[in-house]
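Student: Have a look; sequence and predicted model below, questions after that.
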Amino acid sequence: MGHDHSHSHGLSATGTAKHRKRLVAVLLITLAVVLIQVAGALVSGSLALLADAGHMLSDAAGVFIALLAAWIATRPASDQRTYGYQRAEVLAALANALVLIIISVVIFTEAIRRLGSALEVQTGVMLFAAVLGAFANLVSLLILRGAQKESLNVRGAYLEVLGDLLGSFAVIVAAIVIMVTGYQAADTIASILIALMILPRAWHLLRDVVDVLLEATPKGVDVRMIREHILAVEGVVSVHDIHIWTITSGVPVFSAHVVVEDTAMGARGTDRVLDKLVTCLGSHFDTEHCTFQLEPASHAEHESHQHA
């Protein structure tokens, strides 16, 4: 006997979709700053400023992918895709992480190539564009701060904007160093630092995505404690085949085979056990989409003898 307790996981449920207005605002801010920084880099000759612009462009692409995936995830489920397209958000986060890695490698390679040739940089334009970028990144961080714990894509955007802010600070410091000391290599060094700041964030995002794709147990979920709570329900004898995974950000899924006493397998007894199990999972572990297969103890004993 099975039971499914589910809720609609449409546009209002997925982590990214709930905060799409924030992402749109960050996307528009980021694109505006990218245009200014590219123009500033071309005028000033600053590789660090161009690297920061490239990083911000990748951030804008990541946010756009996240928004597109959130829209795709709202498409209804079908017989061929019983969970719909909700996993598209996770695939978008994967693409975002890979783009970050590629951008960092390109920046690092170009910076190493320019180490031997110190090109003159116009620090006034460089400093102005970097300060403007830092201010825009700070505004974007404030917009995303309250939402970044609810979605991989929003968190990816948040971490990227944070890296952009640090990158803008690196460009500002490099501009000041060149203005004060005339040390032109500071621009190239700042470019290398920006590339090195991107990689750890990309790695963490990629690791979280892989956990979802491998259907690992969601972070913060203690399977041992869940088992103990299920066994504490009146009438439950044992529980096995527990599986907990994540379809997409904000949509955890749970299933288990629960062995109950034969006397609890009547219509009313079954309903009572199922209600308690569903309440337990929903209230203690924030798992709304759960499926239980109830098995009478006599049937479980019969199966164990067959497999002995």
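Tutor: Looks like it came in fine.

Student: mind listing what Leu162 touches?
Tutor: Going by Cβ atoms under 8 Å, 6 or more residues apart in numbering, Leu162 touches 137, 141, 201. Where C-beta positions appear, they are placed from N, C-alpha and C, glycine not excepted.

Student: any idea which element it lies in?
Tutor: If you go by DSSP states H and E, Leu162 is part of helix 152-181.

Student: what comes up buried for that helix?
Tutor: 152-175, 177-178 (16 or more other Cβ atoms under 10 Å).

Student: so where's the stretch 151-300 of the chain uncertain?
Tutor: When residues are selected by pLDDT under 70, those of the stretch 151-300 of the chain lie in 151-153, 249-250, 264, 267, 284, 286-288, 299-300.

Student: can you give me the offset of stretch 93-110 from its chain's centre?
Tutor: 17 Å (Cα atoms, centre = their mean, to the nearest Å).

Student: and if you look at stretch 192-199?
Tutor: 20 Å.

Student: mind checking pLDDT for Leu35?
Tutor: Looking at Leu35, its pLDDT reads 91.

Student: no no, Val38
Tutor: Taking Val38 on its own, its pLDDT is 90.

Student: partner strands of the strand ranked longest in the chain, parallel or antiparallel?
Tutor: When the chain is parsed with DSSP state E, its longest strand is strand 236-248. Sheet pairing for strand 236-248, assigned by DSSP bridges, gives strand 251-260 (antiparallel).

Student: C-alpha coordinates for stretch 261-274, CSV please?
Tutor: The C-alpha trace of stretch 261-274 is given here as CSV (Å, rounded to 0.1, in the frame of the first residue of the first chain):
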residue,chain,number,x,y,z
GLU,A,261,1.7,-4.2,12.7
ASP,A,262,-1.0,-6.3,11.1
THR,A,263,-3.6,-4.8,13.4
ALA,A,264,-2.9,-1.3,12.0
MET,A,265,-3.6,-2.3,8.4
GLY,A,266,-7.3,-1.7,8.5
ALA,A,267,-8.7,1.4,6.7
ARG,A,268,-8.8,3.6,9.7
GLY,A,269,-5.6,2.3,11.1
THR,A,270,-3.7,2.9,7.8
ASP,A,271,-5.0,6.4,7.6
ARG,A,272,-3.9,7.2,11.1
VAL,A,273,-0.4,5.8,10.5
LEU,A,274,0.0,7.7,7.2
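
Student: contact partners of stretch 103-119?
Tutor: 45, 47, 51, 54-55, 58, 184-185, 187-189, 191-192, 194-196, 198-199, 202.

Student: Please determine how far Ala232 is located from Ala175.
Tutor: Plainly put, Ala232 is 63 Å away from Ala175 if you go by Cβ to Cβ, to the nearest Å.

Student: again with Ser140
Tutor: Distance, Ser140 to Ala175, by Cβ to Cβ: 21 Å.

Student: residues in contact with stretch 240-247?
Tutor: Under Cβ under 8 Å, 6+ apart, the answer for stretch 240-247 is 9, 83, 86-87, 212, 215-218, 221, 223, 226-227, 252-257, 259, 287, 293.

Student: Now a ChimeraX select for only the buried ones of the residues you listed.
Tutor: Per 16+ other Cβ under 10 Å, the buried members of the contacts of stretch 240-247 correspond to this ChimeraX selection:
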select :9,86,87,212,217,218,221,226,252,253,254,255,256,257,259,287
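
Student: Spell out the secondary structure type for Asp79.
Tutor: Secondary structure state of Asp79, per DSSP: H, G, I helix; E, B strand; the rest coil, is coil.

Student: Which residues are in contact with it?
Tutor: Counted by Cβ under 8 Å, 6+ apart, Asp79 has zero contacts.

Student: For it, give its distance to Thr246.
Tutor: Per Cβ to Cβ, Asp79 is found 23 Å from Thr246.

Student: Not counting sequence-adjacent ones, nearest residue to Leu144?
Tutor: Spatially, and ignoring its direct neighbours in sequence, Leu144 is nearest to Tyr158 (4.4 Å; Cβ to Cβ, 6 or more residues apart in numbering).

Student: close enough to count as contact, the one you found and Gly146?
Tutor: No: assessed by Cβ atoms under 8 Å, Tyr158 is found out of contact with Gly146, at 10.0 Å.

Student: Which element, helix or strand, includes the closest residue to Ser46 other than its chain neighbours?
Tutor: Leaving aside its sequence neighbours, Ser46 sits nearest to Met126 (Cβ to Cβ, 6+ apart; 4.4 Å). Applying DSSP H and E as the criterion places Met126 in helix 123-144.
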